[in-house]
Each structure stands twice: as C-alpha cells, then as structure tokens.
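> I would like the atomic coordinates for the input below:
(chains A and B)
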Amino acid sequence: MTDFEIISPATIKELFIVIKKCGKDNFRFGAGYTDLLNELRKKTEPELKIINLAQVKDSQFTGIKTGIRGLWIGAMTTIQQLVSNQIINREFPVLHQSASSLASTQVRNVATIGGNICTASPSGDVSCALVSLNASCEILRVDGRTRMISIQDFFLGPRKTLLNRDEVLYRIFIPQNKPTSVSVHSGFIKVGTRQSMECSVVSLAFHIQSDKKSKIIKAGLAIGAASPTIRFTESACNFLIDKTLKNISESIKDEFAENVVVYASPISDLRASAWYRKEVLYNISKSVLEVNPS
Amino acid sequence: MNEDLEFIGKPFPKIDARMRVTGTAVYGNDIILPNMLYGAILRTAYPSALIESIDISAASKFPGVVSVITADDVDVNNISYKRDHPILKKGEVNCIRDEIAAVAAESIEIARHALTLIKVRYKVRQGIYDPYEALKDNAPLINKYAENKYNNKNLAEVFHYEHGDLTAQKNISKVIISRRFNLPRVTHTCLGTSNITAHFNKTDKKLLLYSSTQVPFLYQRDIAHALKMNPSDIRIIQPVIGGGFGSKLDMYPFEPICALLSIKTGRPVQILYSREEEFIASPTRQPMIIDITTGADKSGNFTFREINIMKDNGAYTSWGATTPFVMMQAFSSLYKVGACSFDSKAVYTNNVFAGSFRGYGNPQATFALERMIDLMADKLGIDKADIRVKNANQKGEITGQGLHYDTCGHRECLETVISKSEYKKIQSLNKKGRYRHGIGFASMLHVGGGAKIYRSDGCGTTIKIDPYGFCIIITGSSEIGQGSETVLAMIAAEELGIELSRIKVINSDTDVKPWDVGVHASRTSFVAGNSLLGAIAILKEKLNKKAAFILNTDFSDLQYKKGKINSIKEGKSIDLDKVVREMHFSPPGELAIASYFYEPDSHFQDKEFKGNVSGSYAFAAQAIKVEVDTYTGNIKVIDVYVAQDVGKVLNPLLLAGQIEGGILQGVGYAISEELLFEKGRLLNPDFHNYKILTASDIPDIHFFPVETNDKRGPYGAKGVGEAPLIPTAAAIANAVCDALNLEFVELPLTPERVMIALRENISI
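Coordinates of the predicted model:
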C-alpha cells in the first residue's frame, strides 16, 4: 500500500494554487477513488500527494447542464447522476446504458465520469459511450486557459491521456442530436461473464440517428476493450449513412461488422483471448443492425 | 409427534441475524487483545525451489519487530492427516503457499514491511504441475514425508471400491459410453478472510486460540500434536465465523505459526489474511480428471459404472484427498446400478493443495454421472426425465455399497421438478437463432444423518433452565452461519414451551462445551438436534417429577406451553421457572440441568468401503432452464426448479437460505468460477478475475421441499446443507448441451468455451 498525503482544495482557484505548489512533486488526482485506491494498494509510490477533487465546490464541475448546442457534464459528476438524468436517458440512451452497466450501485454512487475518462482504460464503459457520441473534453490549465479536445484524441494509450501535469479535465460536452433526426437507435453492449462488477471483455457503443424517411443521417460507433484505446469506428459509421435500419440484408450486416472489426487489435489476457474478442465483436456488431432480433 | 408444532416448521429469522446485520457480531478479524502483536507470514517466491539460505537479521533489527521465526527456531511436528506437511519449510519449498518465515510486530504495517527485509536465496527448480507427469518414473520426489506405500513415490492416496459383476453387467448393456471430464479448481471465497488470534500465557503455559475452525475438538488435538503440547492445555474459542463451506475443516500452517509467535513473545499475536492471501493460501475444491464408462440395457436400466479418477493433490495432503469416500457413494448408490468399479488416485504435484469444500467431491462425481445419463438416454432414444425416474432410488433399498434407504424421496424429487418445470409441455424450446433455450436435469445423493468416518460421529449437549425460566443450551456443535443456533433454540422452545428470546445457545468454547466431531457432512441439525432432544428428555424427567407432584397429576398429563407446565386433566398450571426454583430450593435440592451424548447408529465402513455410514440419506433433483447467447457464449440461468428430500422442514426461512446459497455456489461452479494457474502460480487472486456471481445474476429459484419424515432425524429431519450445490453444475451443463446440441466435458462453461464449441461444432 502506498502512503499518501491528501490535499483538498475547496474551489477551482484553490485547486490551481495546489497544483502549482505541487510543482514537480509526485501527485495524483483523486475523484471517486474506486480505481485509485485499488491501484495504490497494490504498489508503493514514494512521497505521493493526492489532490482530492471531491471537495471542490463548483457547479459546472459537478453537475449536468443543458447548453444551446448540447449537454455539458462536469467531470466530477457521479455515474449515478448520469444514470438518473432524464435528458441523457431520452436523448443519449447509449450513455445511460453504459453508466447503468458500470460496476455496481455502490461504485456508481462514488465513481465519476471524469475518473472514468482520465483512467483511460480501454474497457471504460462510459468513455466508450462518449466516444460514440463524439463528445469533447474541456480542459483547464492552471493559468486559467481552456482548450477543447475531441474525446477520441484525448486517449493516447492504456492509462495515458494527453492531459499535462498542469491541467485538469473540467467538463465533457456532448453535441445535440441532429435537428433532422427523428429517431435514435442507441445502446451499449457490454460483454462479460456476470451482470454486475464486470470489466468489459469487449464492448460496443452505438448511437445512430435517422431522419423522418428512416434514413440514417449520422452514426457513431465505438469499441472498447478491443484495442489499446477505445476506438471510434469511422468507416463503419460512414458505411451506415443513407441506409435504412429496418431493411438491411444479411450481407450488408456482415459487411458492416467487418467494417467495425478492422478497428480491433485485441490482446489475449486472463479474461478472454484475442480470438474471442474479435469473434464476439463481429457478432455484436451485426446485432446492432438486427432491430428485431430473433 | 408432529401435530400442533408451535415452533418447528415456522420461518423464524436467525437468532443471531440482528447482531450480524448491525455489525455488532464479533468476528475473528475484530478481536483486539491487550498488548497484542500482529503476525505476518513470508511465503516462497517460487513454487518449487531449494532454499539455500534465509537471512532474517535486517528484519529482526527493524524497530517494532518483536520476533522473527523460521523452521530452525521451532520444535514442532508436521501437520495434515498424513503428517506430510511441515509448518515452516526448511531446505525446500514445494508450492506457492509455502511458509518460510513469520514475523510478530507492533503493527501490521511493520510486520508486513519486515517480511520484505527477509532475504531468501533460492535454487529454483522446474517443478511438476501435471499429475500424470508426477507419476512417471523419472519424476522427482515431491513430498519427502509421503509414505510411499503405493509403489509410486508421488502417489498420496488411493481408493478402490467395487460391487456387482462388472463383466455380466457389461454383457447385458445395450449402450456403453466412455468419457473424460475435467473439473476445475474453485475456492470458497468466504466473506471473512482467514484469521487467528493466539495468546500463550507464560505463567500457566496454557494456550488460548481464537479460531474460525469448523471442528474445534479435532483442531485442539491437531494443534497439540503440531506444537507438542497437551491438548487440554489448549483452549479454542470460536468467534463469529465469516463463512466456512468446508474451508475450515483442516488446520493450516498459519494457525500453529501464530501460536508459535505467541509462545516466543509471550504476548497475544493475531494473523489476518488479506483477500489476496486468502485466494493464494486458503484451500480449494479438488480439481479432478474423471474417466468414466457407463452402461444401460435396452430398456434404459443402468447396468454398470466404471470410474477412474485422477486428483491433483498438490504438494501436501489435506482432508480433500479423502473426497472419494463421498464420490464412491454417488457412483455406487445414486440411481440403482448393478455393478460399480471405482478407482481414484491423488497425486502430489507442485500445485497448491486442495481442502474440503461443501459437497466434498460430490459435485464432481454428480457432474460426470449425470452427463453420462443424458448421453445414454440420447443413444437409447429414451426421454431424459423418464430414464431418471425409471432408475430412481427407492425406500427400503439397500445399495451395492450397503447404504440403507429407510426413507427415500428420490423419485418424488425427480417427479416434482419434472412436473413443476413443465418439461413435458416445453418440447418446443428455441433451438435456432441467436438465443437458444435448454433444460437439464440432475439428481443427487448425500449423507443426511452425519457420516461415520471418524471414531465417533457424535455430539454432546448440556441444557439448563435458570431460576428465571431462561434456557441455556450448551452444545458441542458450531455455528458457521448455517443457522444451527436458531434450529437448536427452536427445538428447545418447542419441547419446553419457552419463547425463543429466553433461550441462549453457548457453542464456542472447548473448555465449556461438550465434545462434537465438528460441522461437516451436513450433520449439525441431525446430530446436534438429536443430542439436544436427548438432553431435553432427561431434563423433562426431572421437571416432570416436581411438576407432577405440585399439580398432583401424572407425567403423561403434563404439557409445556408458553412458560408454563399445564395439567390437562386437573386444569391447573404452574410457571416453569417456579418449578425450577422448587426443585432447587426445596430439599434435597436439584438443579434443572441435564447432559446427553448422541451417537448416530450408523456404521464404520469396512475395508471395501461398504456399510451404512450415515443415519439417514438426503436426495434431491434439480431441473434448470438456460438461455445461451450464441453471439457471445453467455449462459443465462433462468429458472432453477429444486426438490429436496429434507426429511422434515425445521425452519423454511433458513432452509431457503441454504438452498439459494448452495445453488448460487453451484451456478458459479458451472459457468464462471475457476482459479487459473500457470506453473503453480495463481493468476487471479482477486474478485476482479475470479468471478463469483453477483445479486444481478441470480436465477429464479423454485424450491419444493419433500418431506419423508425419517424416524431417526429430529422431528423427521435430514441434513440439507451441502445438497443444493451438488447437482447444480450437472443440471446446467445438461441444459446447455440440450440448448446447443453440443457436448461439454469441462467446467466452467465460460463464454469463450461456449464460443469455441459453437465455432468448431465439436465437444470441448
């Protein structure tokens, strides 16, 4: 177990001061602690400081707000807040479902969306949904400057993000569904052995918008636990444009699934082999287009 | 006897439930003694190695460290029933659990840090992790303490059993099928991790152990042998135990190690396992490879079974090596079968050793047996339900092994689950498309009235009523969460007319309680219940004498109800506590106290393993419906129909708890749980990758108790604890094979194994 000192800033301003003060010291951010404590228990890090974000009072940082062009979700919003948010449930079922499938009620009550993103796990459920939704990350720097980064670009590798030491993830922006979209086929498919407390063996997030003629006008698909980072499957998304969900032939489903699977470069580990991950990813990709599955 | 029962058969919550759910129950992990030290154990870095040197100097000097011990510092005997297990290892290590040194320190952090300061030089060896390899002539000797009585240095234990004329039975068989099944290593995952607190008093040289053992009196003797002490100088107190399931049947090295640290320091010492240590160093179910051949005649009558089992014993022997006692019961006596030949070997390897686990070999045996029944039914074109009913055991049957079925609900259990699952109506299960449905059956036979495998299978009880009308039951039996305290209190309430809140059960101190062989073999309600009834009968004789005198009536007229003794004839009554005071305070003076020892009238088995080993036998059948997702390989267990011959329901609430808990353990065994090893090292020592199922995975469990009223059991009851787990994996595997029209010969049926089978369209 790593011993650590904990510092709890109360405002964003204080947070910046604390980060500056830490300078080159060994520090980590703590949000919901559901991953961090497990990690620290397994190793010994010298002279570690934890900057505790849980006490920061800032309504933008901790809540969900509707903007003109989309939804802003503070990084410290808990997974449970996502689950119970009606707008998310209605407009972005993929996010609702991914949040609902994360770990367990106890974990969802403390784990945060920012933590899920910044852990940068290839199997992060909520992160996978956000990639399918073309979300962006608003990043604050200690000098007060902000930058917006597409969430796809945010992940550099397993547990690696492009956040600098003097930056924090502040908010996540999810663009509204297209004005011409009249129906949304959206969901999160999580594959694992058990229903709760499961880390995705492979996952697929999809958010497909169709117009009044039932033509697909925008599609977002992301795959998790199938490559070093969560991948947005752009060619599979483009492949769907102008197609109609209700009459898709078997061969088109296969072609679509092949378009998804090209983004997968899974590993074999304790939980599943690379073969299994690819095989199942292919099957569940097809299932996205089986609107009336047998 | 059973009419108008006021307590028995009623759903009373556990009397200790409030303490457990409010956190006031004191578990072993909660104990803090004055001046207590914390112990930690250094385990080997390699599963097989020679130890060239151990340097404890830096650890000994570290501030806060009070004692560091190695094998050189102690004078002890080996442990395990074969005495092949050194407490601290010297010269060599043979499995990844091996204890090399131990530290006692002022804090747990100091103790754990001190372990990192102990320098061990190893000469690493290859090791042997496959029992078949271990049997080869050129294999090195793994356990130098092994008896070598079986003509192979690495053979730990061998069993052979047979009945009937195998050749004749083969000749009348229309179908003969052979298979090899591979059963995994799983573990108990008790919520409370292993713990012990030892306090050696230097003045009177007595040792007090707070231990979670399931078998306190055998444990007292084993600890004494290990430490070369007199058993009577050792007192065992069992704190509230956070789960047993068989894992606390053996004594393990950490327990005498803790005692040794206390003896060295003269201070109390506590050792608590972390969850990771619990996974690595606590026992497992016996992994097995089962070769089986079975036959049936053209009408579907079972003719013979021929079984050959390879058990990976690990580096040392535990009670788990004796699981064939139970397995041969299932193979020889579950369903009628004309001939049976059973052989098993337990072979030393450099893997971890197994222990005992709820079911004690029976889930493995039942899996093999029930898979074979489906295969034979398929080949004969006989319905899978019909073939089971046709061969079901019967009341009055004496099996090939000599088990006497004085009561037997096997057929009724089968017929119940067949009808409740509406099996005959659901022939049109979905066998096409993504989601496929299947149904599978399995039965089980298990001892239900103790098991005479030790010289005594008995239990002692002392019961007293105090001058205020409260009843105290001092029982030899132990509570490990199964509810024995509650059942015993209900029996006393029923017989003495005392309300439950006025009954206390004392069951946790070897200096106080009478002897009992321990919690195992689903025996406690049966044996401790009968023992208590015996003690109550003696006590009532005394009370009756006084009450009959006061009420001026005869014994047969007396009735115990609601704290009073009533005379029906005279229409009079007297408070029970008043009778007790009259006994005590009027000459010649007598206390309301009685003791009784109950020994089941079962028999030791002979050298051929034949004989009526239990006072009663329990039967069960399960029908399980599954849905298999052919896109992911996931198995969803939808409905479990379970009928169990429990003799008599003593408490439906507690019974349901045993049934549901057992089934969930069985579902985990079937589809998700497996300890993964690579060359003797455990790869998944955590709940992240060792997948016990969660509340979200629970199927609908439909339970139908079958009451056969066994005259030997208390109120007719039989043992129930292990049974619900035993047929579950078999029934699930049968259901999955039914859904996919594929065959599986290995557990657990993980999504990946299912996908491979679907892709290859072959058996795996």
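
> how about stretch B:716-736 and chain A, touching?
No. Using Cβ under 8 Å from any Cβ of the partner chain, stretch B:716-736 never reaches chain A; the gap is at least 14.0 Å. C-betas here are computed from N, CA, C, even on glycine.

> quick one, strands of the stretch 601-750 of chain B?
In the stretch 601-750 of chain B, the segments counted as strands under DSSP state E, counting those that start in this stretch are B:617-629, B:635-645, B:677-678, B:681-682, B:700-706.

> and the stretch 601-750 of chain B, which residues reach chain A?
By Cβ under 8 Å from any Cβ, the part of the stretch 601-750 of chain B that sits against chain A consists of B:630-634, B:671-672, B:676, B:683-684, B:687-689, B:691, B:693-697, B:750.

> give me the buried subset of those residues.
With burial judged by 16 or more other Cβ atoms under 10 Å in any protein chain shown, the buried subset of these is B:630-634, B:671-672, B:684, B:689, B:691, B:693, B:697, B:750.

> any idea which of these is closest to chain A?
Proximity of those to chain A (Cβ to the nearest Cβ) peaks at residue B:631, which lies at 3.7 Å.

> go ahead and confirm that closest one touches residue A:283.
Yes. Look at residue B:631 against residue A:283 with Cβ atoms under 8 Å: they come within range, at 3.7 Å.

> doesn't residue A:50 make contact with residue A:22?
No. Using Cβ under 8 Å, residue A:22 is not in contact with residue A:50, being 10.4 Å away.

> more crowded one of those two?
residue A:50 (19 against 15; other Cβ atoms under 10 Å in any protein chain shown).

> quick check on the residue lying closest to residue B:706 once chain neighbours are set aside: phi, psi?
Excluding the flanking residues, the one nearest residue B:706 by Cβ to Cβ, 6 or more residues apart in numbering or on different chains is residue B:409, at 4.0 Å. With angles defined as degrees, to the nearest 10, residue B:409 sits at phi -100, psi 20.

> what's the neighbour count on residue B:409?
Using other Cβ under 10 Å, residue B:409 has 29 neighbouring residues.

> one step back: okay, and which of the residues of the stretch 601-750 of chain B next to chain A map to helices?
When DSSP state H is applied, those are split such that residue B:671 fall in helices.

> picking that back up, return the most buried member of the strands of the stretch 601-750 of chain B.
Burial of the strands of the stretch 601-750 of chain B is given as mean neighbour count (mean count of other Cβ atoms under 10 Å in any protein chain shown); strand B:617-629 ranks first at a mean of 28.

> now render the buried ones among the residues of the stretch 601-750 of chain B next to chain A as a markdown table, adding distance to residue A:40.
Output for these, formatted as a markdown table (distance: Cβ to Cβ, whole Å):
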| residue | distance to residue A:40 |
| --- | --- |
| B:630 | 41 |
| B:631 | 38 |
| B:632 | 34 |
| B:633 | 35 |
| B:634 | 33 |
| B:671 | 33 |
| B:672 | 28 |
| B:684 | 20 |
| B:689 | 19 |
| B:691 | 24 |
| B:693 | 28 |
| B:697 | 30 |
| B:750 | 31 |
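
> out of those, the closest to residue A:27 would be?
residue B:689 (29.7 Å; Cβ to Cβ).

> who's in contact with that closest one?
Listed by Cβ atoms under 8 Å, 6 or more residues apart in numbering or on different chains, the contact set of residue B:689 reads A:270-271, B:676, B:683.

> same check on residue A:65?
Residue A:65 neighbours (Cβ under 8 Å, 6+ apart): A:71-72, A:74.

> thinking again about what came up before, reformat the strands of the stretch 601-750 of chain B into CSV and put distance to residue B:49 and mean pLDDT next to each item.
CSV is the format used below for the strands of the stretch 601-750 of chain B (distance: least, Cβ to Cβ, whole Å; pLDDT from 0 to 100):
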stretch, distance to residue B:49, mean pLDDT
strand B:617-629, 44, 97
strand B:635-645, 41, 98
strand B:677-678, 16, 97
strand B:681-682, 13, 98
strand B:700-706, 47, 98
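
> quick one, which of those strands is nearest to residue A:10?
Ranking the strands of the stretch 601-750 of chain B by proximity to residue A:10 (Cβ to Cβ) places strand B:681-682 first, at 44.5 Å.

> which residues are contacting the closest one?
B:47, B:96, B:279-280, B:352, B:675-676.

> can you tell me the centre-most residue of chain A?
residue A:127 (0.7 Å; Cα atoms, centre = their mean).

> pull the host helix or strand of it out as PDB, backbone CA atoms only.
If you go by DSSP states H and E, residue A:127 is part of helix A:125-132. What follows is helix A:125-132, C-alpha atoms only, in PDB (Å, rounded to 0.1, in the frame of the first residue of the first chain):
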ATOM      1  CA  ASP A 125     -17.800   1.800 -20.300                       C
ATOM      2  CA  VAL A 126     -18.800   5.400 -20.000                       C
ATOM      3  CA  SER A 127     -15.800   6.600 -22.000                       C
ATOM      4  CA  CYS A 128     -16.800   4.200 -24.800                       C
ATOM      5  CA  ALA A 129     -20.300   5.700 -25.000                       C
ATOM      6  CA  LEU A 130     -18.800   9.200 -25.000                       C
ATOM      7  CA  VAL A 131     -16.600   8.300 -28.000                       C
ATOM      8  CA  SER A 132     -19.600   7.100 -29.900                       C
END
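
> give me the distance from it to the chain's centre.
Helix A:125-132 sits 3 Å away from the centroid of its parent chain (Cα atoms, centre = their mean, to the nearest Å).

> helices or strands up against that helix?
If you count contacts as 3 or more Cβ pairs under 8 Å, 6 or more residues apart in numbering or on different chains; DSSP states H and E, helix A:125-132 packs onto helix A:93-100, helix A:113-118, helix A:151-154, strand A:183-191, strand A:202-210, strand A:216-224, strand A:231-232.

> for the fourth one, enumerate the helices and strands it packs against.
Put plainly, it is strand A:183-191. With contacts taken as 3+ Cβ pairs under 8 Å, 6+ apart, strand A:183-191 sits against helix A:93-100, helix A:125-132, strand A:202-210, helix A:274-288.

> and the next helix or strand past the second one?
Past helix A:125-132, heading to the C-terminal end, the next element that is a helix or strand (DSSP H and E) is strand A:136-141.

> confidence score at residue 36?
I went with chain A, as the question did not name one. For residue A:36, the model assigns a pLDDT of 94.

> to clarify, I was referring to chain B.
The model reports residue B:36 with a pLDDT of 98.
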